[in-house]
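Enquirer: okay, structure incoming, though there's no sequence with it:
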Ligand code: PLP
């Protein structure tokens, strides 16, 4: 029963990104089932998963084709490695499919098991590339404040979360950060488009400060995810692209959340109109059914690295047969069921329209998002968009009401509520998300005695 799972959990399991004391006071929620956009707990309560797990279950839970692909691969060959001179068919087939759904400059993939490892691979790969082309001094990577690029030493260093850097003396040397393109927070007095250009100019300033001859790459998420679903003005990315080209700096798109349809195209860089040299991915490649990640490597970089001797880097599970078999089934499903088109043309615009109806709520400043990744900005004062004191944790109060009402949404930095459901969510299910969110905002208002 649930109590004994909770007792064993408390005794033996340290949870990631969790305050253990408060977790075990409340008791861990034990999740046992999933179907479509719904999950079920050990006591048979059903919840609509408005976060697709951790923004990853793009195809929804319980897809028979993904389950069969894993089980068939387990039966025929559960493991073999890709080191040295071997590969398994599923890893080659997935590489071919990934090239098919990627922008033209990407024909080759380097596999990892997670987004964090993908971004660690990026750090080593870009430095290796510059070594091979005779510019070994190009070592610095520029990233952005409040980015999330993972939890490994490299991933957490690239991330721009001060509370992560505070633990373990991060970032490591050679990684610096610039401000994010957050119009509502930083764009006062400018139009959105003017602000986009200004935010991009912070990259140029940083390049000049570090010295262009020392800069290896700029890395960013198309839309910052864990940093609050901050959608940049449309002028931002083309200007970033221009600056990277001007100083010959590699542009890395962290597509771990945005990849595989979330913004309404296969990749976020396609939604925002830029051409990266590298793209990291994870999550949606298998819809989270099994761990898999990697880096799409453009011809510019791959041609050098493939002809540059051994790149001394790799993981026991790089190109794992089962993960890749599920990846193949997942990408085929997204193609066959036209799920990416559905996000762009139907579900995304419908969610946008429905969320806009919340704008009249006293606690809602505005909504921000694209495709099926959205933020609701909670504010204390609608006329100025002033935020509540951080200690009040108003978004966490609202998240808990939502959960009691049967919906999982996430509370994130700067008092934002996040909604990023499986991409297969129906219109009726979107209605339910918005209806529960409104009810939970109302209950939050009462709780705050406003
Ligand atoms: N990059 C982005 C944009 C992410 O959102 C995440 C995880 O949320 C990561 C990287 C790290 O991926 P993983 O948790 O698979 O290591």
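Expert: Structure's in. What do you need? Bear in mind that the values here come from a model prediction, so they are computed numbers and not experimental data.
Enquirer: I'd like the distance between residue 219 and the ligand.
Expert: Residue 219 sits 9 Å away from the ligand, going by C-beta to the nearest ligand atom, to the nearest Å. Heads up, the C-betas are built off the backbone N, CA and C, glycines and all.
Enquirer: got it, and residue 32?
Expert: Here residue 32 is placed at a distance of 23 Å from the ligand (C-beta to the nearest ligand atom).
Enquirer: run a quick neighbour tally on that residue.
Expert: Per other C-beta atoms under 10 Å, the neighbour tally for residue 32 reads 12.
Enquirer: and if you look at residue 79?
Expert: Using other C-beta under 10 Å as the criterion, residue 79 is surrounded by 12 other residues.
Enquirer: mind checking how far it is from the ligand?
Expert: 20 Å.
Enquirer: cool, residue 421 as well?
Expert: Applying C-beta to the nearest ligand atom to residue 421 and the ligand gives a distance of 16 Å.
Enquirer: quick one: is stretch 400-410 near the ligand?
Expert: No. Using C-beta under 6 Å from any ligand atom as the criterion, no contacts between stretch 400-410 and the ligand are found, and the smallest distance is 11.2 Å.
Enquirer: next, the buried residues of that stretch.
Expert: Of the residues in stretch 400-410, those scored as buried under the neighbour-count criterion (16 or more other C-beta atoms under 10 Å) are 400, 401, 402, 403, 405, 407, 408, 409, 410.
Enquirer: so the fourth one makes contact with residue 45?
Expert: No. Judged on C-beta atoms under 8 Å, residue 403 makes no contact with residue 45 at a distance of 9.6 Å.
Enquirer: got the phi and psi for residue 140?
Expert: phi -80, psi 140 (degrees, to the nearest 10).
Enquirer: what count of nearby residues applies to it?
Expert: As a measure of burial, residue 140 has 20 neighbours, counting by other C-beta under 10 Å.
Enquirer: I'd say it and residue 215 touch.
Expert: Yes. Judged on C-beta under 8 Å, residue 140 makes contact with residue 215 at a distance of 5.1 Å.
Enquirer: shouldn't residue 176 be within a helix?
Expert: No. Under the criterion used here (DSSP: H, G, I helix; E, B strand; the rest coil), residue 176 is strand, not part of a helix.
Enquirer: contacts only, for it.
Expert: By C-beta atoms under 8 Å, 6 or more residues apart in numbering, the contact set of residue 176 is 140, 141, 142, 143, 206, 210.
Enquirer: now do the same contact list for the residue in the stretch 51-200 of the chain that the ligand sits nearest to.
Expert: Residue of the stretch 51-200 of the chain nearest the ligand, by C-beta to the nearest ligand atom: residue 115 (2.4 Å). Neighbouring residues of residue 115 by C-beta under 8 Å, 6+ apart: 149, 150, 155, 254, 256, 280, 281, 282, 283, 293.
Enquirer: just the buried members of the contacts of residue 176?
Expert: In these, burial by neighbour count holds for 140, 141, 142, 143, 206, counting by 16+ other C-beta under 10 Å.
Enquirer: show the end-to-end separation of stretch 77-97, please.
Expert: 21 Å (C-alpha to C-alpha, to the nearest Å).
Enquirer: list the buried residues in that stretch.
Expert: Buried residues in stretch 77-97, defined by neighbour count with 16+ other C-beta under 10 Å: 81, 82, 87, 88, 90, 91, 93, 94, 95, 97.
Enquirer: using the three-state scheme, assign the second one.
Expert: In this case it means residue 82. On the three-state scheme (three-state DSSP), residue 82 is labelled coil.
Enquirer: what's the answer for the fifth one, then?
Expert: With three-state DSSP as the basis, the three-state label of residue 90 is helix.
Enquirer: what does the third one give?
Expert: Classification of residue 87 using three-state DSSP returns coil.
Enquirer: on that earlier part again, mutual contacts of residue 140 and residue 215, please.
Expert: Taking C-beta under 8 Å, 6+ apart as the contact rule, residue 140 and residue 215 touch no residue in common.
Enquirer: still on that earlier bit, kindly reformat the buried ones among the contacts of residue 176 as TSV containing distance to residue 111.
Expert: Conversion of the buried ones among the contacts of residue 176 to TSV gives the following (distance: C-beta to C-beta, whole Å):
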residue	distance to residue 111
140	26
141	21
142	26
143	23
206	31
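Enquirer: can you tell me what sits against the helix or strand of the chain with the lowest mean pLDDT?
Expert: Least confident helix or strand, the chain: helix 20-26 with a mean of 86, by mean pLDDT, DSSP states H and E. Contacts of helix 20-26 from elsewhere in the structure, counted by C-beta under 8 Å, 6+ apart, are 6, 9, 10, 14, 15.
Enquirer: what is the nearest of those residues to residue 349?
Expert: Nearest to residue 349 among the contacts of helix 20-26: residue 15, at 36.4 Å, using C-beta to C-beta.
Enquirer: state the pLDDT value of that closest one.
Expert: Confidence per residue is given as pLDDT, and for residue 15 that number is 96.
Enquirer: quick check: the spatially closest residue to it that is not a sequence neighbour vs residue 17, distance?
Expert: Excluding the flanking residues, the one nearest residue 15 by C-beta to C-beta, 6 or more residues apart in numbering is residue 23, at 6.2 Å. Here residue 23 is placed at a distance of 11 Å from residue 17 (C-beta to C-beta, to the nearest Å).
Enquirer: over to residue 336?
Expert: Distance check for residue 336 against residue 17: by C-beta to C-beta, it reads 35 Å.
Enquirer: swap in residue 412?
Expert: Here the distance between residue 412 and residue 17 works out to 12 Å (C-beta to C-beta).
Enquirer: more neighbours, those two?
Expert: residue 412 (19 against 8).
Enquirer: return the set of residues that bridge with the more buried one.
Expert: Beta-bridge pairing of residue 412 under DSSP bridges involves residue 416.
Enquirer: let me see the contact set for it.
Expert: Here residue 412 is in contact with 226, 227, 228, 229, 375, 395, 418 (criterion: C-beta under 8 Å, 6+ apart).
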